[in-house]
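Visitor: The sequence and its predicted three-dimensional model are supplied below.
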Amino acid sequence: MSSVLQIYNSLARQKEIFDPVNPPYVGLYVCGPTVYNDVHLGNVRTFISFDMVYRYLKYLGYKVRYVRNITDAGHLTNERGEGVNRIESQSQLEKLEPMEIVQKYTVGFHDVCRLFNLHRPTIEPTATGHIIEQIEMAKQLINNGYAYESNGSVYFDVNAYNSHNHNYGKLSGRNTEELIAGYRDLDGQDEKRNAIDFALWKKASPEHIMRWPSPWGEGFPGWHLECSVMSTKYLGTTFDIHGGGMDLKFPHHECEIAQNIGATGTEPVKYWMHTNMLNFNGQKMSKSLGNSILPLELITGNHPLLDKAYSPMTVRLLFLQSHYSSELDITLKGLQDAEKGLRRLLNAAQYLDGLCLSGETNTTTDDELNQLADKCKEVMDDDFNTAKLIATLYEMASRINIFHNDNKKCPVSEPTFTRFRDIFKAFLFEVLGIVNENEATSTDTLDKVMNLVIDIRKTARENKDWPTSDKIRDALKDAKIILKDNKDGTSYEVE
Ligand code: AMP
Ligand code: ZN
């Protein structure tokens with residue numbers, strides 16, 4: 001019985017999900033976080049950008065299957081698949097099991113997603129949940145002549161790939177010869193046929209904790225393999241959109257293409273989308289450069305850049321005011337302007353509800369409002385231009401303010417008014433994902449934020465990290481929020 005059920009399920013699945021010619025959905029795959037520490041605002045920028053893409057596709061009426069993975073198998077620090085395993089080194093630092101690190105930072109990431117009003121992906125697969133599939137793809141690449149085993153590890157053979165008329169480097173515009181020259185003098189290349197070859201599977205050293213059995217001995221997968229496997233498992237061998245930050249274009253996405261073509265013979269992705277970096281003082285925001293701002297620092301204002309706390313929605317608007325493919329420097333002035341802009345847009349949304357028709361129609365105003373409403377879709381259809389969308393929403397807000405100040409009367413036809421109002425609200429709330437924090441703050445959002453803060457403080461206390469725990473209590477006190485520790489946990493009160 002169960003095997004009949006299994007066959008039935010697998011047939012139904014194939015029929016419904018894996019029709020490669022005409023899938024019943026838009027497939028969107030986004031590289032998710034490596035869960036070894038807290039995400040910073042740079043990471044948040046990338047995830048907000050793809051949240052907006054998902055929201056706009058849904059707004060257009062598409063059914064979207066949105067897959068965003070969790071990288072939890074612990075890839076190595078450098079681009080050639082060498083160095084230390086980030087999750088394991090963090091686990092040594094925090095004296096936790098690697099999977100405790102994974103759990104802790106996955107939960108933290110989900111809290112941050114809620115804070116910035118990010119939709120949940122429809123599937124959130126983990127690398128450790130797909131080890132078998134990764135081993136299968138590595139085997140297939142060996143069988144197809146694109147990979148080789150060496151001393152318990154498996155490497156992708158870039159020269160073999162290129163000699164079959166493929167072009168490693170085509171996405172990022174890199175040249176294989178130049179890449180090889182760049183790698184030549186680096187250590188640790190002995191196992192590889194060529195310095196440019198990258199790891200599909202790495203043999204685990206005796207002290208390595210995160211390890212799995214494989215046909216080549218105990219080891220762990222290379223970083224690039226998980227995304228090749230999980231994207232095509234859930235979206236088909238060719239899918240619509242693959243996203244990630246610009247810094248992933250090479251080598252991560254370049255390697256993904258090579259793996260997929262080598263294993264299936266098929267170009268995996270129709271459209272690549274890369275978000276540009278959030279910078280701080282002109283440099284990419286990154287934990288390792290020590291210039292990151294964490295969501296908690298933002299909402300408490302406890303960071304040298306900040307003059308006070310800023311709301312997640314201010315940051316959401318600030319980020320979306322730039323096109324996703326442009327670099328963006330986070331500055332105090334930018335935050336202050338976005339805060340004012342957010343208030344303007346939310347006020348306009350509120351005024352809209354109080355407006356009524358004046359009874360006479362001014363055709364020029366009627367045309368102008370219709371043109372503004374049309375423009376929202378036009379600019380978004382042009383490569384998701386949220387910068388122009390927000391500029392249009394500001395123009396719409398100016399009109400709304402004029403009507404509001406003119407006895408709340410609108411000199412336009414009823415269909416124009418209804419359309420203008422619905423489009424303004426849909427693009428602000430549904431597409432840009434802004435929420436009115438003022439409406440929700442006192443109970444809902446503040447509760448969510450405080451649960452996150454209390455959770456982070458609890459972890460700090462468990463780790464005897466007293467400076468962090470004190471910093472949180474003091475910053476909250478400055479913001480007139482008092483923490484109360486009691487036997488059932490910690491609660492808070494606003495003074
Ligand atoms: P990671 O956990 O480092 O793999 O990063 C998760 C996502 O955030 C990836 O898509 C990165 O490209 C992206 N990312 C990392 N740093 C930044 C930054 N400063 N600005 C924008 N996106 C970033
Ligand atoms: Zn990826």
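Guide: That came through, no problem. Ligands and ions are numbered 1, 2, ... in the order given.

Visitor: Over to residue 240: give its phi and psi.
Guide: Residue 240 adopts backbone torsions of phi -80, psi -60, taken as degrees, to the nearest 10.

Visitor: how near is it to residue 141?
Guide: 24 Å (CB to CB, to the nearest Å). Using the backbone N, CA and C atoms, a C-beta is placed for each residue, glycine as well.

Visitor: Could you pull up the residues touching the residue of the chain positioned farthest from its centre?
Guide: Seen from the C-alpha centroid of the chain, the residue lying at the greatest distance (CA atoms, centre = their mean) is residue 360, 47.8 Å away. The contact partners of residue 360, by CB atoms under 8 Å, 6 or more residues apart in numbering, come to residue 411.

Visitor: picking up where we left off before, more neighbours: residue 240 and residue 141, which one.
Guide: Remark: of residue 240 and residue 141, residue 141 carries more neighbours, 26 against 19, as counted by other CB atoms under 10 Å.

Visitor: Next up, the contacts around residue 140.
Guide: Counted by CB under 8 Å, 6+ apart, residue 140 has contacts residue 263.

Visitor: what about it, which helix or strand?
Guide: helix 131-143 (DSSP states H and E).

Visitor: How about the residue in the stretch 201-350 of the chain that ligand 1 sits nearest to: what's its closest non-neighbour residue?
Guide: In the stretch 201-350 of the chain, the residue that lies nearest ligand 1 is residue 245 (1.9 Å; CB to the nearest ligand atom). Distances taken as CB to CB, 6 or more residues apart in numbering place residue 46 nearest to residue 245, at 4.6 Å, with adjacent residues excluded.

Visitor: The one you found and ligand 1, how far apart?
Guide: In this view, residue 46 and ligand 1 are 4 Å apart by CB to the nearest ligand atom, to the nearest Å.

Visitor: so how many other residues sit close to that residue?
Guide: Around residue 46 there are 27 residues (other CB under 10 Å).

Visitor: now do residue 211
Guide: By the criterion of other CB under 10 Å, residue 211 has 15 neighbours.

Visitor: what's the answer for the one 5 residues further on, then?
Guide: Using other CB under 10 Å, residue 216 has 20 other residues around it.

Visitor: Local confidence estimate at it?
Guide: With respect to pLDDT, residue 216 scores 98.

Visitor: Distance from the biggest helix by length in the chain to the middle of the chain?
Guide: Counting residues, the longest helix in the chain under DSSP state H turns out to be helix 332-354. Mean C-alpha position of helix 332-354 versus that of the full chain (CA atoms, centre = their mean, to the nearest Å) differs by 25 Å.

Visitor: With stretch 175-182 instead?
Guide: On CA atoms, centre = their mean, the centre of stretch 175-182 falls 31 Å from that of its chain.

Visitor: Near ligand 2, which residues of the protein are found?
Guide: 31, 227 (CB under 5 Å from the ion).

Visitor: looking at the chain, which helix or strand does the model trust least?
Guide: helix 2-17 (a mean of 46; mean pLDDT, DSSP states H and E).

Visitor: what about residue 473, distance to residue 307?
Guide: Taken as CB to CB, the span from residue 473 to residue 307 is 21 Å.

Visitor: ok so, going back, return the residues in contact with the residue nearest to residue 245.
Guide: 243, 244, 245, 275.

Visitor: Check which residues of the helix or strand harbouring residue 367 are buried.
Guide: Assessed by DSSP H and E, residue 367 sits inside helix 363-381. Neighbour counts using 16 or more other CB atoms under 10 Å place 365, 366, 368, 369, 370, 372, 373, 375, 376, 377, 379, 380 of helix 363-381 among the buried residues.

Visitor: Next, the angle helix 332-354 makes with the helix or strand just after it.
Guide: Downstream of helix 363-381, the next assigned helix or strand under DSSP H and E is helix 386-405. If you take axes from the mean of the first three to the mean of the last three CA atoms, to 10 degrees, helix 386-405 sits at 50 degrees to helix 332-354.

Visitor: can you give me the mean pLDDT across helix 386-405?
Guide: Mean predicted confidence for helix 386-405 is 97.

Visitor: got the residue ranges for the helices in the stretch 101-250 of the chain?
Guide: Under the criterion DSSP state H, counting those that start in this stretch, the stretch 101-250 of the chain contains helices at 131-143, 158-163, 176-183, 223-235.

Visitor: any chance of these in TSV, with distance to residue 33 and mean pLDDT too?
Guide: Converted to TSV, the helices of the stretch 101-250 of the chain look like this (distance: least, CB to CB, whole Å; pLDDT from 0 to 100):
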stretch	distance to residue 33	mean pLDDT
helix 131-143	19	98
helix 158-163	28	97
helix 176-183	27	80
helix 223-235	13	96
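
Visitor: Just name the most buried of those.
Guide: Compared across the helices of the stretch 101-250 of the chain, helix 223-235 shows the largest average neighbour count, a mean of 25 (mean count of other CB atoms under 10 Å).

Visitor: which residue sits closest to residue 260 in space, ignoring its chain neighbours?
Guide: Going by CB to CB, 6+ apart, residue 260 has residue 268 as its nearest residue, at 3.9 Å.

Visitor: The one you found and ligand 2, how far apart?
Guide: Note on residue 268: its distance to ligand 2, by CB to the ion, to the nearest Å, is 12 Å.

Visitor: Does that residue touch residue 238 like I think?
Guide: Yes - between residue 268 and residue 238 there is a contact under CB atoms under 8 Å: 6.0 Å.

Visitor: re the thing from before, chain center to the helix holding residue 140: distance?
Guide: Counting by CA atoms, centre = their mean, helix 131-143 is centred 27 Å from the centre of its parent chain.

Visitor: So what touches the helix holding residue 367?
Guide: Residues contacting helix 363-381 (CB under 8 Å, 6+ apart): 56, 385-386, 388-389, 392-393, 395-396, 399, 411-413, 416-417, 419-420, 423-424, 427, 431.
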